[in-house]
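> when you get a sec, could you give me coordinates for this:
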Amino acid sequence: MLKRILLLFIIFVLVSSFFFLFSIQPQRSTERGTFSIIFMEEKVGYEEYIWKTDETGYLLSVRGRMTKPIALEIDRLTIRLDRSFIPLRYTFKGSVSGVAQEIESSISEGEVESTILVAGQEQKSTVKIKRNSFLLPNAIFSPYLILTKKFRCTLQEKVEFSAYIIPQLEVTVSLKPKEEDPCTLIMQLSTLQIEVETNERGSLIALHIPSQNLIVVQDIHGAPIR
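Below is the predicted model of the structure:
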C-alpha cells in the first residue's frame, strides 16, 4: 500500500513538473490576413500579411500591390521587432511607380544602417532615430498592425512617439483613444489624421484616412485584384 501511494506521488510530481515547464515555455503563434485598399470607393489594391510571435519577439511579413493613388508592388516586406516592439530589422523589395527598389536596414539602439538599391543604383546611409520609433514605410498599411498589437484597446490617454518614414525622415506622431470607444485610435501624423480600428486581440480591423478618401479594411476572404 505504501509503495502504491509513493508511486502515485511520484507520478503526480512528474505530471505537475511537465505542466509547469510547458506553461513557462515561450508561446509561438502565427496570424495571417488580407487587407483590401479602397480609394475613392474603388478597390485599388491589397496587402497580405503574416504576423509571427516567438520567444525573441515579432516578425511582420507583407506582400501585395496597389494601383492608386500611386502604383506600388510589394514583393517582400519584413519588419523584425523584439518583445518590447523595438524595431531591429527592415527589408523591402518591390517597385514604386514602376521603379524597382530594394531596402535592407538593421537597427541597433536607434542607429539605422541602410543599403538602398533604386533602379540599379546602390547607396548606403546611417541615421539616428529614437530607439522605440515606429517604422512606417510610405504608402504601406500593414505596419499599423504593430501599433494595434502594442496598444490594443488599452490606451487611456493621448501619447506621443516617434515614427520613422523609412528611409526618409523621422516625425512625431500622437495617438489617442476615440471618446467612448477605446478600440478606435486617432493618430495625428503631421496634418494627416488616421482612424485605426482594433480589438482586444490587437487585430488591425480598419484604417480610415478621410482627407485622402482612403480606407483599408481587413478582408480575409477578399481576392487580390489583377
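
> which stretches of this structure have low pLDDT?
1-26, 220-226 (pLDDT under 70).

> hey, where'd the helices end up in it?
2-24, 144-151 (DSSP state H).

> list the contacts for I50?
The contact partners of I50, by Cβ atoms under 8 Å, 6 or more residues apart in numbering, come to T30, E31, R32, L59, L60, S61, V62. Where C-beta positions appear, they are placed from N, C-alpha and C, glycine not excepted.

> filter the residues you listed to the buried ones?
If you count burial by 16 or more other Cβ atoms under 10 Å, the buried members of these come out as L59, L60, S61, V62.

> farthest-separated two in those residues?
L59 and V62 (10.8 Å; Cβ to Cβ).

> quick one: common contacting residues for those two?
Counting by Cβ under 8 Å, 6+ apart, the contacts common to L59 and V62 are I50, T78.

> and the contacts of I50, which is closest to K43?
Each of the contacts of I50 was checked against K43 using Cβ to Cβ; the closest is V62, at 17.8 Å.

> can you get me a residue count around S203?
Other residues near S203 number 17, with proximity taken as other Cβ atoms under 10 Å.

> wait, E170
17.

> correct me, but it touches Y164?
Yes - E170 sits in contact with Y164 when judged by Cβ atoms under 8 Å, with a separation of 4.9 Å.

> list residues touching both of those two?
Going by Cβ under 8 Å, 6+ apart, residues that sit against E170 and also against Y164 are I129, S133.

> please report how far Q123 lies from S105.
13 Å (Cβ to Cβ, to the nearest Å).

> counting neighbours, go ahead and name the busier of these two.
Neighbours of Q123 and S105, each counted by other Cβ under 10 Å, are more numerous for S105; the result is 22 against 10.
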